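**Q** dropping the sequence and predicted coords here.
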Amino acid sequence: MTVQIPWRQRYAYPPFTKPLPWVIMPHMHQPSNRGGPFFWLTRTFDSVRLRNYRLLWLGSLTEHGGEWMERIGIGWLVYELTGKAVMVGIVEFVRYIPFFILPVVGGVIADRADRKKLLAATFIAFIANATWLVMLVRTGRLEAWHIIVYSFLAGSIVSFNHPARNTLLPNLVPKEKLLNAISLDSASVAGVRVITAPLAGWLIAHVGVAWVLGLRGAGCVIALFWLWQLVAPATPGKARTESFWRNTMEGFRYTYESKPIFQLTILSLVPMMLIQPYLAMLPVFTKDILKGGPEMLGYLNGASGAGSLVALFFLASLGDYKHKGKLFFASFGVGGIALTALALLPWAPLSLFLVGVLGLGSSVFTALRTALLQGNVPDAVRGRVLSLREINQGFQPLGNLMGGAIADSWNAMLALAAMGIAGLVSAGATFARLPAVRRME
């Protein structure tokens, strides 16, 4: 008797999802434990060999490519429209306001609804949000308050997009490849920035900001195309048997009762307020301390991106690394040391290196935090627990405000040094006092 094999199983690579040339991803069809001169590179891209993860990863490239271009376009548009630098900060701050509440709602929905459909719905919402703003720009009716509303809506959509994506990803790869998958996913976000940021500047200068904003929607259209082909497992049905409120309380209760998860969640707030704000302080540091201009600021941002890529590809090559908790603390400490040295040793070549180290440490910290949560939380409550991680993002603007206040009262050098020393002391103290996090795998 002839057995009919489903189309998706007959063909390893559906249309437009074939792997990159063997020169870039050698031995892609071979087992990941195979030796050879390019073994390390094969292991680095191990998760991309999995069809469903590859589709999600390709969608991440286009979605986040559009997002980076949109954020550059929005910043330029606000300043051109108002002539006030403070408005640029307000628009960015408004984007983070929904992160204090809505991720919890998004996490509950991610544990109740079809995660693939929820992710698709957020793409459609991004497309609609970008479309109405482009129409306002093209018709000349745009006002500053439109951009503030747009930024708030964008942050609200992200509050549902991230829980959906973060709960879907662990179901597409085996646990031993989870760190590799998360690192490559983060690398797609950091890597596409290197290409799309200069492209956005060129488009604004030559064809107008409306095209840049429109590419935000176009990136999500392509991401929808990849997502449509993805086969995702069903969402666990346990959450749907209880009320929305009980689901919410269950997520908080699980986080609180699970000692390492609770400690990791609270601990993640510290670098968000002490280390991560270094990016927002770079313009002040460049102008007041290094006495540089926009070119130097661009080089520093590029160094941060390069450091992030190095870190993420390093993590992706580790395989099933067993000491994630210790490496998590190490990345925290490295960030504190680099930030302190950046403040106390203001020499441009050294600053480029130290900002690269900061980008490296921040990316290792972020990727490991995600891997530790996703690898140690049951799928049935994963959306609700991971949503608390998104709330942490809302504290970064508070760190920006704190650093800015210190810089205005004294100077940027003192602000960065104080935050770096506080971060380093926090890393050492928490490493000694939180053995449950230190032992996490």
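**A** Thanks, I have the structure now.
**Q** can you give me the strands in the protein?
**A** With DSSP state E as the definition, the chain shows no strands.
**Q** end-to-end on stretch 109-117?
**A** Across its full length, stretch 109-117 reaches 11 Å end to end, with CA to CA, to the nearest Å as the criterion.
**Q** from the chain's centre, how far out does that stretch sit?
**A** The chain centroid and the centroid of stretch 109-117 are separated by 20 Å, computed with CA atoms, centre = their mean, to the nearest Å.
**Q** okay, now residue 311: neighbour count?
**A** 27 (other CB atoms under 10 Å). Backbone N, C-alpha and C define where each C-beta goes, glycine included.
**Q** mind listing the helices in the stretch 251-400 of the chain by residue range?
**A** According to DSSP state H, counting those that start in this stretch, the stretch 251-400 of the chain carries its helices in the segments 259-267, 269-274, 278-284, 294-317, 324-344, 348-376, 382-393, 396-409.
**Q** which of these is buried the deepest?
**A** helix 382-393 (a mean of 25; mean count of other CB atoms under 10 Å).
**Q** pull the CA atoms of that one into PDB?
**A** Once side chains and other backbone atoms are set aside, the C-alpha atoms of helix 382-393 remain, and they are given as PDB (Å, rounded to 0.1, in the frame of the first residue of the first chain):
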ATOM      1  CA  ARG A 382       5.000  30.900  29.600                       C
ATOM      2  CA  GLY A 383       3.200  33.900  28.100                       C
ATOM      3  CA  ARG A 384       2.300  35.300  31.500                       C
ATOM      4  CA  VAL A 385       5.700  34.900  33.100                       C
ATOM      5  CA  LEU A 386       7.600  36.200  30.000                       C
ATOM      6  CA  SER A 387       5.200  39.200  29.900                       C
ATOM      7  CA  LEU A 388       6.800  40.400  33.200                       C
ATOM      8  CA  ARG A 389      10.100  40.500  31.300                       C
ATOM      9  CA  GLU A 390       8.500  43.000  29.000                       C
ATOM     10  CA  ILE A 391       7.500  45.200  31.900                       C
ATOM     11  CA  ASN A 392      11.300  45.500  32.600                       C
ATOM     12  CA  GLN A 393      11.600  47.300  29.300                       C
END
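**Q** for that helix, name the packing helices and strands.
**A** helix 102-112, helix 144-168, helix 244-257, helix 259-267, helix 269-274, helix 348-376 (3 or more CB pairs under 8 Å, 6 or more residues apart in numbering; DSSP states H and E).
**Q** so which of those helices gets nearest residue 382?
**A** Comparing the helices and strands packed on helix 382-393 against residue 382 with CB to CB, the closest turns out to be helix 144-168 (4.9 Å).
**Q** now that closest one: average pLDDT?
**A** Across helix 144-168, pLDDT averages out at 90.
**Q** any idea of the angle that helix forms with helix 102-112?
**A** Computed with axes from the mean of the first three to the mean of the last three CA atoms, to 10 degrees, the direction of helix 144-168 lies at 40 degrees from that of helix 102-112.
**Q** buried residues in helix 144-168?
**A** Buried residues in helix 144-168, counted by 16 or more other CB atoms under 10 Å: 146-148, 150-168.
**Q** mind checking how far residue 166 is from residue 140?
**A** When distance is defined by CB to CB, to the nearest Å, residue 166 is 39 Å away from residue 140.
**Q** care to break this protein down by domain?
**A** Taking automatic domain parsing as the domain assignment, the record places the domains of the chain at 47-177+184-235, 251-441.
**Q** could you tell me the least trusted of the ones you listed?
**A** Between those, the lowest average pLDDT goes to domain 251-441, which shows a mean of 79.
**Q** this completes my enquiry, with thanks.
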